[in-house]
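> this one's sequence-less:
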């Protein structure tokens, strides 16, 4: 009898967990989660070691495969390492409850808990498991990071759709993957429009500073607990946000309260929050005033040859614009500017007189966004030299796709990056 029941129990648990951990708008586990045979818990288990995320995923995998003793041992070791990890406590409670009765859903072992908190933990489990079942393709490059300037030693790419922040190092202008982290974004999602809307902005930003915990304590008192190990402000609103009338401030990378290991995937007021351990690790690579933080809905991973083609096409368009600006021929130059173009600089009117000048662009960085309005954000040192003057400035140009062409949407001084 024992040999006939155990395989069916393993199969049932595996199937139901697979159904549950498939991303869905309302995560639920149906039909009821059956009770595995008690012998699955009785023999000594083997604890999988690693990071807390690796261990929670290993525990879930163990349950999928009917290795309840291994799941129990791994969860116990995880809680010894991270005693404030709420998702681990949830799985632990379920493992104990499954010895006595079937569970209708993940979290059934703590049925008295508020449903919204249980749903938050389920969503966290989903995105963490998804990262390990569908990792980024090996050797591919992100289409959003097309060029890093020599000063930008690293870049951060936030995939808001999968709740991950990817860290890349600068390999002669090419982004090379280093690691990635689970993150929390705004309670109401993405695409910040106004102050207090609890959304995380999309676009290209730069780390502008560092606020250590002691500084946060002096400024915010007890409220500083929300930021854990500290905060790293980013440059929201950027130049394009201001042009479009987007408001708000205080969008940061920061840690989490010390009484919890991690927050839910959507739980911040618009910031990007990491576990304190991960925030401290990421902070080692952040350069205030320089490091880009690019927030997107989804990372577009490209094979190297396709990435190079996209990069070269974008840089060629920028070079054509530079050459046109150098000639100062109005008709030729105006062809690069879109119908919605604006600038903070003083520019001659159409048909006005512009003297030819030598223009050089150095230390270029180039980032891209997608969605309904694909854009490039190019930043560079521009040196303009004529017979009478020589001007050098750090400049930023926003490009937007109009039909099959890329046109300049905004042009002006770069405040960061």
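Noted; the coordinates are in hand. Worth saying up front: this structure is predicted, and the values here are computed from it rather than measured.
> quick check on residue 312: phi, psi?
Residue 312 adopts backbone torsions of phi -60, psi -40, taken as degrees, to the nearest 10.
> and for the one 4 residues further on?
Per-residue torsions, residue 316: phi -70, psi -40 (degrees, to the nearest 10).
> give me the number of neighbouring residues for it.
For residue 316, the count of nearby residues is 10 (other CB atoms under 10 Å). In this view, the C-beta of every residue, glycine as well, is placed from N, C-alpha and C.
> try residue 101
Neighbours of residue 101 (other CB under 10 Å): 12.
> residue 362 now?
Neighbours around residue 362, by other CB under 10 Å: 11.
> so which helix or strand takes in it?
Element membership of residue 362, judged by DSSP states H and E, is strand 358-369.
> report the buried residues of that strand.
If you call a residue buried by 16 or more other CB atoms under 10 Å, then strand 358-369 has these buried ones: 359, 361, 364, 365, 366, 367, 368, 369.
> name every strand pairing with it and say which way it goes.
Strand pairing for strand 358-369, using DSSP bridges, gives strand 145-147 (antiparallel), strand 375-385 (antiparallel).
> what's that strand in contact with?
143-152, 202-204, 292, 294, 296, 310-311, 314-315, 318-319, 322, 325-326, 374-386, 417 (CB atoms under 8 Å, 6 or more residues apart in numbering).
> show me where this structure has its helices.
2-20, 39-42, 52-64, 68-81, 86-97, 115-133, 213-220, 239-243, 276-283, 304-327, 330-334 (DSSP state H).
> average pLDDT for the fifth one, rounded please.
For helix 86-97, mean pLDDT rounds to 90.
> just checking, what packs against it?
Counting contacts by 3 or more CB pairs under 8 Å, 6 or more residues apart in numbering; DSSP states H and E, helix 86-97 packs against helix 52-64, helix 68-81, helix 115-133.
> and the angle for the second one with helix 86-97?
What it means is helix 68-81. When axes from the mean of the first three to the mean of the last three CA atoms, to 10 degrees is applied, the directions of helix 68-81 and helix 86-97 differ by 140 degrees.
> what does the longest one give?
Taking the same axes, to 10 degrees, one finds that helix 115-133 is oriented at 100 degrees with respect to helix 86-97.
> what comes up buried for helix 115-133?
Judged by neighbour count (16+ other CB under 10 Å), helix 115-133 contains these buried residues: 118, 120-131.
> tabulate the helices and strands packed on helix 86-97 (a markdown table), appending distance to residue 237 and mean pLDDT.
Shown next, in a markdown table, are the helices and strands packed on helix 86-97 (distance: least, CB to CB, whole Å; pLDDT from 0 to 100):
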| stretch | distance to residue 237 | mean pLDDT |
| --- | --- | --- |
| helix 52-64 | 32 | 91 |
| helix 68-81 | 40 | 94 |
| helix 115-133 | 27 | 92 |
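> pick the one among the buried residues of helix 115-133 closest to residue 86.
Distance to residue 86, by CB to CB, is smallest for residue 121 among those, at 6.2 Å.
> touching, that closest one and residue 88? I think so.
No. Using CB atoms under 8 Å, residue 121 is not in contact with residue 88; the gap is 9.9 Å.
> so for the strand holding residue 362, what's the average pLDDT?
Averaging pLDDT along strand 358-369 gives 95.
> what about that strand, distance to the chain center?
Taking the mean of its C-alpha atoms, strand 358-369 sits 24 Å from the chain's own mean (CA atoms, centre = their mean, to the nearest Å).
> quick revisit: so which of the helices of the chain comes closest to residue 256?
By CB to CB (comparing all of the helices of the chain), the closest turns out to be helix 276-283, at 6.1 Å.
> weed out the non-buried ones from the contacts of strand 358-369.
Burial by neighbour count, 16+ other CB under 10 Å: within the contacts of strand 358-369 this picks out 143-149, 152, 202-204, 292, 294, 296, 310-311, 314-315, 318, 325, 375-380, 382, 384, 417.
> can you get me a residue count around residue 223?
Neighbours of residue 223 (other CB under 10 Å): 10.
> likewise residue 392?
Neighbour count for residue 392, taken as other CB under 10 Å: 12.
> could you dump the buried residues of helix 115-133 to CSV with distance to residue 94?
Below are the buried residues of helix 115-133 laid out as CSV (distance: CB to CB, whole Å):
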residue, distance to residue 94
118, 11
120, 16
121, 11
122, 12
123, 16
124, 15
125, 11
126, 16
127, 19
128, 16
129, 15
130, 20
131, 21
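> tell me the one of those residues nearest residue 184?
Residue 184 lies nearest to residue 124 out of the buried residues of helix 115-133, by CB to CB, at 8.9 Å.
> wait, the closest one sits on residue 265?
Yes. Using CB under 8 Å, residue 124 makes contact with residue 265 at a distance of 5.9 Å.
> what about residue 370, how many neighbours?
With other CB under 10 Å as criterion, residue 370 counts 16.
> please name the bridge partners of the most centrally placed residue in the chain.
With distances taken as CA atoms, centre = their mean, residue 158 lies nearest the centre of the chain, 1.7 Å away. Judged by DSSP bridges, the bridge partners of residue 158 are residue 165, residue 295.
> same check on residue 391?
residue 384.
> which one is residue 63 nearest to, not counting chain neighbours?
The spatially closest residue to residue 63, leaving aside those adjacent along the chain, is residue 71, at 4.8 Å (CB to CB, 6 or more residues apart in numbering).
> quick check: the gap between the one you found and residue 131.
From residue 71 across to residue 131, the span is 19 Å (CB to CB, to the nearest Å).
> show me what contacts residue 54?
Contacts for residue 54 (CB under 8 Å, 6+ apart) come out as 48, 132.
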